[in-house]
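# coords please:
(3 chains)
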Amino acid sequence: MPELKTTRSITKITKRVRHQEQGEKKAKGMPELLKNEKDFVVPGEKIVESMDYIPGRNCFRDGNAIRSKKIGVVSVAGRVISIIPLNGTYAPKVGDMILGEVIDIQSNGWVVDIGIAHSAYLPLSGIREFIDTTRTQLSSVYNIGDLIYSKISNLNGPDSIHLSMDDVRCRKLRGGRVLDINAAKVPRLIGREGSMIRMIKDKTRCNICVGQNGIIWMDGENQDIALEAIGEIERQPQQDGLTDKIAAMLDSRVKPLQTQTMVTNSTAAEKPSPTGPEPEVAGE
Amino acid sequence: MLIRNQYITALANKGQREDGRKLDEFRQTRIEANPIANAEGSARVWIGKTDVIVGVKLGVGEPYSDKPDEGVLVSNAELSPMAHPDFEPGPPGEKAIELARVVDRGIRESHAIDIRKLCIKEREKVWMVNVDTQVMNHDGNLIDASSLAAIVALRNAKMLHYDEKTEKVDIEKRTGPLPLLDIPVAVTIYKIGGRLVLDPTYNEEEAATARLTVSTTGDGQIAALQKGGTEPLSLDEIRECFRLSVEKGREIRKLI
Amino acid sequence: MKRADGRKADELRPVTIKVGVIPNANGSAMVAMGKTIAVAAVYGPRYLHPRFKQKYEKALLNTVYMMVPFSTNERVRPGPSRRSHEICKVTREALEGVVCLEEYPKAVVDVYINIIQANAGTRTAGINAASVALADAGISMKDLVASAAAGKIGDEYVLDLAGKEEEETDCDVPVAYVPGQDKISLLQMDGKLPPEDVEKVIRTAIEGCKQMYEKQKAALRERWVQKG
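Below is the predicted model:
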């Protein structure tokens, strides 16, 4: 008897798996979506009336239906429906690189304002070098008002955000300028695997740090042009051909380096750059 | 943010600004006359992202005993918490009170309103002119924006009919315009680093160490002054402020 | 029946909604219903101080309703009144059920509503603006909230009372409606009427809320979807 039971349940499972696979490969036989991929939705709007789909990020189940929780665009991956938000404050995630200002020094770490409801904390254990607190003042390492680029190392509830400087990208930023953008637009500014921000950095020769929390630091002679590019991305992040448009804008605005004009034909030297980043963004 | 203040100060010392303007250049200024139908007169002014509405309401009240034949000007400003993340709800703080009083002083001391004409019955009844400033969005230079909105609102204000028999104001009956004699314009000059700057944004105000508000009249006289900020100013700087405010005042007056 | 402003009984006043009117705020909206204009701005979720007010399990929703001094014919004295305190409370309760406050523990979501011009129905206009502003701020919500008032003049059930109609009506019933759940989150009534009639008044108001909901959606779309 028990054996029979197992075989039965196995067939059940295999059936379910097969069903899942089919669903992922092609949405045939799946109920029709009321809102399609990339459609704009407001909170409460019904995306599908079916138990065959699973609510992902920024969605919730309501009876048989799946509804949106935010203003955003629909994203469908297999059976999972999620919403890419268009606005909202930054929600911290472990591993994110963020920018913040040191606002307080405590006995064994620094309090960092990261522009959201709760401050983050950079403990002494989060920095790479060893500091003997009996000899060194913590303010000589990071002082109040310092801007630091750091990584979220640990989250324990909403008001316990721990930072660490244990990453090659982490550092204290000196000089330069700071701007705030809508944190929901940061993924677009960074681009697929960093393609967009890398292009802006390369073409403007600016030093730019993008915090996932929407705070951006930059320094360099062409920062006004970089700023314009970032502004354009923030204003119209969903437009088609955004990467090409930004690339064209940067090429027309940024003056080539003096060393490049030394090359016999300066325009020829500039030519490869517009086509350069294309393979990286081909998937967009 | 400290790093932002340092950047703005360094730029100002080079004669530059964050948004590429010249030091004495205003942001785009837009005036909408009478947006509020229920007010006797109103104006909305945008200077860049700064957005201010001023409404003028008339009422009847008793005159001050030392000025029995003069109408009364009452100013009030609300730094609504909707206008900036740092503004808090509650009774007006010192910032709001200073704003209201600087707006008031510019109008009062330039004798812009012909207050003698606002007397209904000597010693007993005069018109009370309430000038209420409502800040909708704060991105710096609130004094200039509010003063400008106030004078435009007053210029567009209509007097009401007061029925002496029933002792009531007839809101439906709007008579002639409010009697005005002048158009005072306030221009506030900020000191950032070693330079004088006009029309600062919020970030620039944060980096400023001193400011001087100069209200000028149509004929180029100074009607009111208010210095703010912690840094003292030299007489040379103050003279330069006077020159700037007369010059800018003339430009702004053309917008009205 | 002919109404004073020429509307049909089940017709809203002309509605204009603009989203993103306060650049400093995380989300904002202006709602004009006829001559009534409400502006709402949302800040947060942000740090709540004093600390003892923080709630461990969810955010606090803080609504502040205010009429600006020049919004009415008779000047409004600045500062809170008993009336505005009550409206703050019912507005908060009308919205609290749809905002996913549990996603933002120990924080506060501030909603500031200013009535810059008043001509009947300021609380409904305020709720409409606040709901759009919350959505605009990207705050997690289960639904939008739409609001409208209705009344009964003579034998007619009339939607969205304006001007002198407020004096003529047998009752004034502001309703806030959650369209996705088909539920009511604000219900008040001034007046005297048998229960069956009250239900009809509520139904009239709900129909108005449904119209309002469509306008709210359209306004958010206009703000966030690029043309072309």
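# For the stretch 1-150 of chain B, list the residues in contact with chain A, please.
The stretch 1-150 of chain B comes close to chain A at residues B:Met1, B:Leu2, B:Ile3, B:Arg4, B:Gln6, B:Tyr7, B:Glu18, B:Gly20, as judged by Cβ under 8 Å from any Cβ of the partner chain. C-beta: built from backbone N, CA, C; applies to glycine.
# I'd like the distance between the second one and C:Leu95.
Look at B:Leu2 and C:Leu95: by Cβ to Cβ, to the nearest Å, they are 37 Å apart.
# now C:Asp190
Separation of C:Asp190 from C:Leu95 (Cβ to Cβ): 22 Å.
# State which helix of chain C is the longest.
The helix that spans the most residues within chain C, counting by DSSP state H, is helix C:195-224.
# Can you confirm whether that one lies near chain A?
Yes - in terms of Cβ under 8 Å from any Cβ, part of helix C:195-224 sits within range of chain A, namely C:Gln216, C:Lys217, C:Leu220, C:Arg221, C:Trp224.
# So which residues of chain C form helices?
With DSSP H, the ranges of helices along chain C come out as C:82-96, C:122-136, C:165-168, C:195-224.
# among those, which is nearest A:Ile208?
For those, the distance to A:Ile208 is smallest for helix C:195-224, at 26.2 Å, taking Cβ to Cβ.
# can you tell me the average pLDDT over the longest helix of chain C?
Mean per-residue pLDDT for helix C:195-224: 96.
# now swap in stretch C:25-34 and tell me
97.
# swap in stretch B:249-256?
Confidence for stretch B:249-256, expressed as mean pLDDT, is 93.
# who are the neighbours in contact with whatever residue of the stretch 101-250 of chain A ends up closest to chain B?
Closest residue of the stretch 101-250 of chain A to chain B, Cβ to the nearest Cβ: A:Gly145 (3.3 Å). By Cβ atoms under 8 Å, 6 or more residues apart in numbering or on different chains, the contact set of A:Gly145 is A:Glu101, A:Val102, B:Met1, B:Leu2, B:Ile3.
# quick one: it from B:Met1, how far?
Shown here: A:Gly145 relative to B:Met1, a distance of 8 Å by Cβ to Cβ.
# sorry, back to before: I'd like to know which of the residues of helix C:195-224 next to chain A are buried.
Neighbour counting by 16 or more other Cβ atoms under 10 Å in any protein chain shown classes C:Gln216, C:Lys217, C:Leu220, C:Trp224 among the residues of helix C:195-224 next to chain A as buried.
# least trustworthy helix or strand in chain B by mean pLDDT?
The least trusted helix or strand in chain B, going by mean pLDDT, DSSP states H and E, turns out to be strand B:168-177, with a mean of 85.
# for chain C, same thing?
The helix or strand of chain C with the lowest confidence, counting by mean pLDDT, DSSP H and E, is helix C:165-168 at a mean of 88.
# starting at the chain centroid, how far to that helix?
In terms of Cα atoms, centre = their mean, to the nearest Å, the centre of helix C:165-168 is set 20 Å apart from its chain centre.
# Tell me who's in contact with B:Trp46.
B:Trp46 sits next to B:Gln28, B:Thr29, B:Arg30, B:Ala145 when contact means Cβ under 8 Å, 6+ apart.
# ok, and the most crowded of those residues?
Neighbour count (other Cβ atoms under 10 Å in any protein chain shown) singles out B:Ala145 as the most crowded of these, with 28 neighbours.
# what residues does the stretch 51-200 of chain A put near chain B?
Neighbours of chain B within the stretch 51-200 of chain A, by Cβ under 8 Å from any Cβ: A:Glu101, A:Ile144, A:Gly145, A:Asp146, A:Leu147, A:Leu173, A:Gly175, A:Gly176, A:Arg177, A:Val178.
# go again using 7 Å as the cut-off
The stretch 51-200 of chain A comes close to chain B at residues A:Glu101, A:Gly145, A:Leu147, A:Gly176, A:Arg177, A:Val178, as judged by Cβ under 7 Å from any Cβ of the partner chain.
# out of those residues, who has the most neighbours?
A:Leu147 (25 neighbours).
# Nearest residue to the closest residue to chain B within chain C in space, ignoring adjacent ones along the chain?
At 2.5 Å from chain B, C:Phe70 is the closest residue in chain C, using Cβ to the nearest Cβ. Leaving aside its sequence neighbours, C:Phe70 sits nearest to B:Gly55 (Cβ to Cβ, 6 or more residues apart in numbering or on different chains; 2.5 Å).
# Now do the buried residues in stretch B:223-238.
For stretch B:223-238, a neighbour-count test (16+ other Cβ under 10 Å) marks B:Ala223, B:Ala224, B:Leu225, B:Gln226, B:Leu233, B:Glu237 as buried.
# Return the closest of these with respect to A:Gln238.
Minimum distance to A:Gln238 across the buried residues of stretch B:223-238 is 47.1 Å, recorded for B:Gln226 (Cβ to Cβ).
# Please, which helix or strand holds that closest one?
Using DSSP states H and E, B:Gln226 sits in strand B:222-229.
# mean confidence score for that strand?
95.
# State the pLDDT value of residue 94.
In the absence of a named chain, chain A is used. Per-residue pLDDT puts A:Val94 at 96.
# if you could check chain C rather than the one you did, that'd help
For C:Ala94, pLDDT reads 97.
# again, but for the one 5 residues further on
Note for C:Val99: predicted pLDDT of 97.
# what number of residues lie near it?
When neighbours are defined as other Cβ under 10 Å, C:Val99 has 25 of them.
# Excluding chain neighbours, what is closest to it?
Per Cβ to Cβ, 6+ apart, closest to C:Val99 is C:Met141, 5.4 Å.
# now A:Lys93
A:Lys93 sits nearest to A:Ile152 (Cβ to Cβ, 6+ apart), 6.6 Å away.
# For A:Tyr90, see how far away the one you found is.
Going from A:Ile152 to A:Tyr90 by Cβ to Cβ gives 11 Å.
# Surely B:Val151 touches B:Ala186?
Heads up, residue B:151 is Ile, not Val. No - the pair B:Ile151 / B:Ala186 is not scored as a contact, 8.9 Å apart, by Cβ atoms under 7 Å.
# re earlier: of the helices of chain C, flag the one that's most buried.
Highest mean neighbour count of the helices of chain C: helix C:122-136, a mean of 30 (counted as mean count of other Cβ atoms under 10 Å in any protein chain shown).
# Got the phi and psi for the residue in chain B positioned nearest to chain A?
Of all residues in chain B, B:Leu2 sits closest to chain A, at 3.3 Å by Cβ to the nearest Cβ. Backbone torsions for B:Leu2, taken as degrees, to the nearest 10, come to phi -60, psi -50.
# swap in the one 4 residues further on?
Reported as degrees, to the nearest 10, the phi and psi values for B:Gln6 are phi -60, psi -40.
# B:Asp69 is in what secondary structure piece?
In the assignment (DSSP H and E), B:Asp69 maps to no helix and no strand.
# what sits against residue 178?
Went with chain A since none was named. A:Val178 makes contacts with A:Leu147, A:Ile215, A:Trp217, B:Met1, B:Ile3, B:Arg4, as judged by Cβ atoms under 7 Å, 6 or more residues apart in numbering or on different chains.
# my question was about chain C
C:Val178 neighbours (Cβ under 7 Å, 6+ apart): C:Val98, C:Asp143, C:Val145, C:Ser185.
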